[in-house]
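Asker: Prediction below, plus the sequence it came from.
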Amino acid sequence: QSALTQPASVSGSPGQSITISCTGTSSDVGGYNFVSWYQQHPGKAPKLMIYEVSNRPSGVSNRLSGSKSGNTASLAISGLQAEDEADYYCSSYTSSSTWVFGGGTKLTVL
Amino acid sequence: EVQLVESGGGLVQPGGSLRLSCAASGFTFSSYTINWVRQAPGKGLEWVSSISSSGATRYYADSVKGRLTISRDNTKNSLYLQMNSLRAEDTAVYYCARISWSSRQHDYWGQGTLVTVSS
């Protein structure tokens, strides 16, 4: 049950675009389209931002998009805004009928 | 409105026990798989345990297997986590989260309850 691999940090200026990668294995990310992404602000509970690789829940900005290729999923955020500054976590369902999270990526808006 | 409210956290000595609860409202609790997810101070999210809608199927992370037990009471719309033989590394905020089964995502989360294991 090793954690999915995410970069520890990414940064961008307002208006720019960033991408966060999430690498797993064929037993999780590569084997299912059950990849989701969560945003977490300090002291708050995580919030679902993307599910099933690329779907956005109602109310989530269309500046966020998700994709997957092989064992790596990605979250892209365009038109960066100050409110996007947060920690982001990917998650995948696994072949063991469990879930695994990534180590988290701190997004800094410069 | 979907709500999940955790309770029962606190300070406990190593080797001690604690029981967390998660009260659900705003949806048909008995129709959903529910997970416990924890977050150690300054660390990332870690999936802990999962229980199916009926309670018949349960899964655990290797790090807690044999020490933590997940259960639910669908008549009370409540989820539980019995924590025994607690270790310092169990110190974390514990969240309950609802699973949307068709796409396996954690679609609603509680606010979390802090468990501190320390002498």
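Answerer: Perfect, I can see it now.

Asker: Now do the contacts for residue B:23.
Answerer: B:3, B:4, B:5, B:7, B:77, B:78 (C-beta atoms under 8 Å, 6 or more residues apart in numbering or on different chains). The way it works is simple: take the backbone N, C-alpha and C, and place the C-beta from them, glycine included.

Asker: pLDDT value on the third one, please?
Answerer: To tie it back to what came earlier, the one meant is residue B:5. Model confidence at residue B:5, given as pLDDT, is 98.

Asker: Spatially nearest residue to it (excluding sequence neighbours)?
Answerer: Distances taken as C-beta to C-beta, 6 or more residues apart in numbering or on different chains put residue B:23 closest to residue B:5, at 4.8 Å, once the chain neighbours are dropped.

Asker: Looking at strand pairing, list the partners for that neighbour.
Answerer: Beta-bridge pairing of residue B:23 under DSSP bridges involves residue B:5, residue B:78.

Asker: what about it, distance to chain A?
Answerer: Relative to chain A, residue B:23 is positioned 15 Å away (C-beta to the nearest C-beta, to the nearest Å).

Asker: And that residue, how far from residue A:3?
Answerer: Per C-beta to C-beta, to the nearest Å, residue B:23 is found 29 Å from residue A:3.

Asker: most surrounded residue in the contacts of residue B:23?
Answerer: Per-residue neighbour counts (other C-beta atoms under 10 Å in any protein chain shown) across these peak at residue B:4, which has 23 neighbours.

Asker: OK, contacts around that residue?
Answerer: Contacts for residue B:4 (C-beta under 8 Å, 6+ apart) come out as B:22, B:23, B:24, B:96, B:97, B:98, B:108, B:109, B:110.

Asker: Neighbour-wise, which one of those residues leads?
Answerer: residue B:96 (30 neighbours).

Asker: Is chain B within reach of the longest strand seen in chain A?
Answerer: Of all the segments assigned as strand in chain A under DSSP state E, the longest by residue count is strand A:86-93. Yes: judged by C-beta under 8 Å from any C-beta of the partner chain, strand A:86-93 comes into contact with chain B through A:89, A:91, A:93.

Asker: Direction included, what does that strand pair against?
Answerer: strand A:35-40 (antiparallel), strand A:99-101 (antiparallel), strand A:105-109 (antiparallel).

Asker: List the contacts of the shortest one.
Answerer: For strand A:99-101, the surrounding residues in contact (C-beta under 8 Å, 6+ apart) are A:1-4, A:24, A:28, A:89-94, B:35, B:37, B:44-47, B:50, B:104, B:106.

Asker: and it, which residues are buried?
Answerer: Within strand A:99-101, the residues scored as buried using 16 or more other C-beta atoms under 10 Å in any protein chain shown are A:99, A:100, A:101.
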